[in-house]
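Asker: what would the 3D arrangement of this be:
(chains A, B, C and D)
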Number of protein chains: 2
Amino acid sequence: MDSKDISQAVVSRLPRYHRFLSELKDQGIERISSAELSDLMHVTASQIRQDLNNFGGFGQQGYGYNVDYLYEEIGHILGLDMRHNLIIVGAGNLGQALANYVNFDRRGFHTKGLFDSDPHMQGVIVRNMPVRPMSELEDFIRENSIDIAVLTIPKEAAIEVADRLIGCGIKGIWNFAHIDLDVPPNVRVENVHLSDSLMKLSYNLRDLG
Amino acid sequence: MDSKDISQAVVSRLPRYHRFLSELKDQGIERISSAELSDLMHVTASQIRQDLNNFGGFGQQGYGYNVDYLYEEIGHILGLDMRHNLIIVGAGNLGQALANYVNFDRRGFHTKGLFDSDPHMQGVIVRNMPVRPMSELEDFIRENSIDIAVLTIPKEAAIEVADRLIGCGIKGIWNFAHIDLDVPPNVRVENVHLSDSLMKLSYNLRDLG
DNA sequence: GATACTTTGTGAAATTTTTGCCAAGCAGAT
DNA sequence: ATCTGCTTGGCAAAAATTTCACAAAGTATC
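Answerer: Residues are numbered from 1 along each chain as shown, chains lettered A, B, ... in the order given. Okay, here's the model as predicted:
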């Protein structure tokens, strides 16, 4: 149904549509036209229609889009109706912050375990979960059907850990380490390079009063 | 010197160049051609040359690019040689994680203060800084020449806080709240929507064995 | 049920981004 | 000092993305 060759530019916009539709739902709004959504989101109505049409016709002439239906459909496209089991590798500040992030559960992303190589961190409890040693990584992944790993470790360790994760069948890596991971074609990496983002902000601040 | 109409697509790639050049520097490599860098980074050599040429000719025929020089130049383009004073608004897990992130200091981003609306957080020490009440926000910004605010608060509070920040002259907002901020044209927002990123990973995992 | 209005889906145009290509020019060897 | 080979800078082509524009098809009203 969902075809394969959707550009990442389009995919990147889907979560934002999903977010705005969620807001509209909360406000009890039942229908919306691409023109209204366009005003709200500050993108062209044409782009909205074009984006959605990549996945099928969700609207109706003369009516617009049903908010609930479109919300559900985009959620489905994004795979939010699937269950994902995560582990967090690296129980530092960022790893703990993500572990405590409740909203991920609501979207079907369930954190099942935390790992850290630091002996002092072993057994520390984060959100009812003990921090585990790296030696337990492989067994834990297999026993708990983990499909996504969150990498919140220094770049020096990232490649080696990524290889171990891939070795035991991890399919998705949410990478917060400041390094590019080279992975086989059947593994997906989504990078969150915070420094890069901050540098971008810095650039955009350059020529400002 | 740096012209105004550089596309954000190009800007987004600069931090990655900067990162790779940093690695090359660490390895003691003095010069590199666009072709070699192309192999390393998995982008076309043509794109590298095109990107860099937006800001001037940093290379030399028959030689390539001097690693140190190019690193410095990109750092300069990104404004990394300027000093930025930050505050973090929202001293939850994520805010604290960012406060403890040492690398930002090395790039000229100095965290000067932390704020939180929760009375229980007042005075808690994070990286030698006391968490301050929101009532001190305006005075603190003015007295410490703060130009960037990091927003790590729930979306419900984000718009109001952003307005206060803008009101006292904040120029850049690094926004981690799951909401779009509407700001005047002389204020720059860089969004880090973690949920969006995770949803993108989810999408890309859909049709995988 | 007919009419007027609204709004989608979509092909085509416009724009932006990326890639290909090569003359110009520097480096390094002799 | 000259020659050979390498590599950039920049123009042109190609590809991708975004916007335009409108027929088709529905809604709402009378």
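
Asker: next, A:V161: secondary structure please.
Answerer: Three-state call for A:V161 (DSSP: H, G, I helix; E, B strand; the rest coil): helix.

Asker: does the helix or strand of chain A with the lowest mean pLDDT reach chain B?
Answerer: Least confident helix or strand of chain A, by mean pLDDT, DSSP states H and E, is helix A:103-106 with a mean of 90. Yes: judged by Cβ under 8 Å from any Cβ of the partner chain, helix A:103-106 comes into contact with chain B at A:N103, A:F104. Glycine gets a C-beta too; all of them are placed from N, C-alpha and C.

Asker: report the rounded mean pLDDT for the helix or strand following that helix.
Answerer: Where DSSP states H and E defines the elements, the next helix or strand beyond helix A:103-106 is strand A:109-115. Averaged over strand A:109-115, pLDDT sits at 97.

Asker: for stretch A:161-174, same thing?
Answerer: Stretch A:161-174 comes out at a mean pLDDT of 97.

Asker: could you export the least confident helix or strand of chain A as CSV, CA atoms only?
Answerer: What follows is helix A:103-106, C-alpha atoms only, in CSV (Å, rounded to 0.1, in the frame of the first residue of the first chain):
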residue,chain,number,x,y,z
ASN,A,103,5.3,10.5,25.6
PHE,A,104,7.2,7.9,23.7
ASP,A,105,5.2,5.2,25.4
ARG,A,106,2.0,6.7,24.1
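
Asker: may I see the buried residues of it?
Answerer: Within helix A:103-106, the residues that count as buried by 16 or more other Cβ atoms under 10 Å in any protein chain shown are A:F104.

Asker: and the contacts of it?
Answerer: Contacts to helix A:103-106, defined as Cβ atoms under 8 Å, 6 or more residues apart in numbering or on different chains, come from residues A:L86, A:L98, A:H110, A:T111, B:H178, B:S195, B:L198.

Asker: pop out the phi and psi values for the residue in chain A that DNA strand D sits nearest to.
Answerer: Minimum separation of chain A from DNA strand D (Cβ to the nearest atom of the strand) falls at A:G62, amounting to 2.6 Å. Dihedral pair for A:G62: phi 80, psi -10, per degrees, to the nearest 10.

Asker: now the helices for chain A?
Answerer: A:8-26, A:34-41, A:45-53, A:67-77, A:93-99, A:103-106, A:137-143, A:155-167, A:194-205 (DSSP state H).

Asker: and the angle for the third one with helix A:34-41?
Answerer: Inter-element angle recorded for helix A:45-53 and helix A:34-41: 110 degrees (by axes from the mean of the first three to the mean of the last three Cα atoms, to 10 degrees).

Asker: pLDDT on helix A:45-53, on average?
Answerer: 98.

Asker: kindly report the same for the longest one.
Answerer: When the per-residue pLDDT values of helix A:8-26 are averaged, the result is 98.

Asker: and that helix, which residues are buried?
Answerer: Result for helix A:8-26 [16+ other Cβ under 10 Å]: buried residues A:V11, A:R13, A:L14, A:P15, A:R16, A:Y17, A:H18, A:R19, A:F20, A:L21, A:L24.

Asker: which one of those residues is nearest to A:E143?
Answerer: Closest approach to A:E143 among those (Cβ to Cβ): A:P15, at 31.0 Å.

Asker: so the closest one is in contact with B:L201, correct?
Answerer: No: under the criterion of Cβ atoms under 8 Å, A:P15 makes no contact with B:L201, lying 10.5 Å away.
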